[in-house]
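Asker: Give the three-dimensional model of this entry:
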Amino acid sequence: MTASKELVDLEKGTDASKIRHRLGESWFLTILRSIGDGVIAADAGNRVIFMNPVAEHLTGCKVADASTKKLEEVFALKDSGGPAEDPRPALPEEGAKVVNRGVMVSRDGREIPIDFNAETIFNDQGQAAGSILVIRDVTEREKAEEEVRKAYASLETRVEQRTAALRSANIQLIDEIKHRHLAEDKLQEINQQLKKACDAKDNFLARMSHELRTPLNAIIGFTGTLLMRLPGPLTRDQERQLNNISVSAKHLLSLINDLLDLSKIESGEIEIKRELFSCGEFVKKIASTMALMAENKGLALKISVPNPDLPICTDRRILSQILINLIDNAIKNTENGEINIIVKSNGDEALELSVVDTGIGIKPGDLDKLFQAFTRVGPPRSDGAGLGLYLSNMLAESIGGQIAVSSELGKGSEFTLILKGISEQ
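Answerer: Predicted coordinates for the structure are as follows:
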């Protein structure tokens, strides 16, 4: 080989000094001393003839001390239990190599993981003339490999944990989906039962409306005939009792109508019929129907309509019911003073119908209860089923409006119906 020719002259009888002479060539020594691996050269008798600084550091032996020793005395492996065996491969072929990994024990007791490569040097006649041993410290590499192994093991552990967590979460999700399906099935069953109950309620109210309103209208009609004295004169006590009968019958009829209207709204059966009419005339007509009720309590009923010819397009019947309920509520809760009906317009954008009273007012904590069904806010003597404001608010929403309220306890209240988009569509 070319390397062996430049390294040593291994003619028969050549001594170690001649090999050292060849190794002492400046260019070759510079290369051997500058490389990062340890290099140890031995002659044919396996005696050490060269060590570079890295080899000296790894073995803990200086070249001057090693020159009289054999290679296996300088290069010791932990696994061997003593001096290393001859690392040179006993190979018959030129250029054969042996690469191993082991733990080297230096003279100062250090244990160093290494890779080592021993190569036999042949002369021109193909005879073994010596060997070169290259040692590489793999401490840092093994640390890095260990870190990689630990990181990989940690990653595998995390992957297993995450997989287990996902598997557990998936099982929980499947259980939740099953429970949700069961809940949905139960909810559908409940909804069907509720629908049947609502249908039964609607059928009952529809049938009872005729059964109840027909005799009530008859009672109101006959009472009115008696109060008109068409059959004959009445005593004062008889007139008072007939008035009580008339008021009670009308009140009962009003409650029945409220319940029927509420049932229609909740079932979505209420029909909206928009028409164009004069707001001023409409308000005056409503006020005239409520005037007697206000007079009976000694209250003044006033109207403020800046533009009597103001047109409005909405459902007349629903608007009438809302306004009557608001006025009726104001009269019931006012003992002294007056009731004002005020109309405010913002062109075609919005219309405000306000009913302002000088009554008992409402506590701040009771304002949220006003529009709840079957809830009465006021003194214990207040009559009614607590449906008037609740029904009015739902009717207002059905025609695209809303009811706002402001009140001060002891000074009165103001209920305002706000309608948007009041011009003809």
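Asker: Excluding chain neighbours, what is closest to residue 340?
Answerer: residue 356 (4.4 Å; C-beta to C-beta, 6 or more residues apart in numbering). Where you see a C-beta, it was placed from the backbone N, CA and C, and this is true even at glycine.
Asker: ok, that neighbour - contacts?
Answerer: Taking C-beta atoms under 8 Å, 6 or more residues apart in numbering as the criterion, residue 356 is in contact with 330, 339-340, 342, 412-414.
Asker: can I assume it sits in a helix?
Answerer: No - read with DSSP: H, G, I helix; E, B strand; the rest coil, residue 356 is strand and lies in no helix.
Asker: who does it bridge with?
Answerer: Going by DSSP bridges, residue 356 is paired in beta bridges with residue 340, residue 414.
Asker: Output the contacts of residue 356 in CSV, with distance to residue 113, neighbour count and pLDDT appended to each entry.
Answerer: Shown next, in CSV, are these (distance: C-beta to C-beta, whole Å; neighbours: other C-beta atoms under 10 Å; pLDDT from 0 to 100):
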residue, distance to residue 113, neighbour count, pLDDT
330, 99, 26, 91
339, 103, 26, 94
340, 102, 18, 94
342, 99, 17, 93
412, 98, 22, 90
413, 94, 24, 92
414, 93, 16, 93
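Asker: mind giving me JSON lines with those residues and columns for distance to residue 294?
Answerer: Shown next, in JSON lines, are the contacts of residue 356 (distance: C-beta to C-beta, whole Å):
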{"residue": "330", "distance to residue 294": "9"}
{"residue": "339", "distance to residue 294": "6"}
{"residue": "340", "distance to residue 294": "11"}
{"residue": "342", "distance to residue 294": "16"}
{"residue": "412", "distance to residue 294": "14"}
{"residue": "413", "distance to residue 294": "16"}
{"residue": "414", "distance to residue 294": "17"}
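Asker: Residue 39: which of these is nearest?
Answerer: residue 414 (105.7 Å; C-beta to C-beta).
Asker: The closest one contacts residue 405, doesn't it?
Answerer: Yes - applying C-beta atoms under 8 Å as the test, residue 414 and residue 405 come out as touching, 7.0 Å apart.
Asker: Got the domain ranges for the chain?
Answerer: Here the domain assignment for the chain is 2-137, 149-243, 271-420, based on automatic domain parsing.
Asker: now for those, which one comes closest to residue 253?
Answerer: Using C-beta to C-beta, those put domain 149-243 closest to residue 253, at 4.8 Å.
Asker: Show the average pLDDT along the closest one.
Answerer: Here domain 149-243 scores 84 as its mean pLDDT.
Asker: Tell me the gap between that domain and the middle of its chain.
Answerer: In terms of C-alpha atoms, centre = their mean, to the nearest Å, the centre of domain 149-243 is found 29 Å from the chain centre.
Asker: just stretch 36-55 next, same as before
Answerer: Centre to centre, stretch against its chain (C-alpha atoms, centre = their mean), the figure for stretch 36-55 is 71 Å.
Asker: And it, what's buried?
Answerer: For stretch 36-55, burial by neighbour count (16 or more other C-beta atoms under 10 Å) applies to 37-44, 46-52, 54-55.
Asker: how much space between residue 279 and residue 403?
Answerer: 17 Å (C-beta to C-beta, to the nearest Å).
Asker: Tell me which residues of the lengthiest strand in the chain come out buried.
Answerer: Secondary structure assigned by DSSP state E gives strand 111-122 as the longest strand of the chain. By 16+ other C-beta under 10 Å, the buried positions in strand 111-122 come out as 112-114, 116, 118-122.
Asker: and which of these is nearest to residue 67?
Answerer: residue 121 (17.7 Å).
Asker: Within the helices and strands, which one has the residue most central in space within the chain?
Answerer: Centroid-nearest residue in the chain, with C-alpha atoms, centre = their mean: residue 173, separated by 16.4 Å. Assigned by DSSP states H and E, residue 173 belongs to helix 139-227.
Asker: And for residue 353?
Answerer: strand 350-357.
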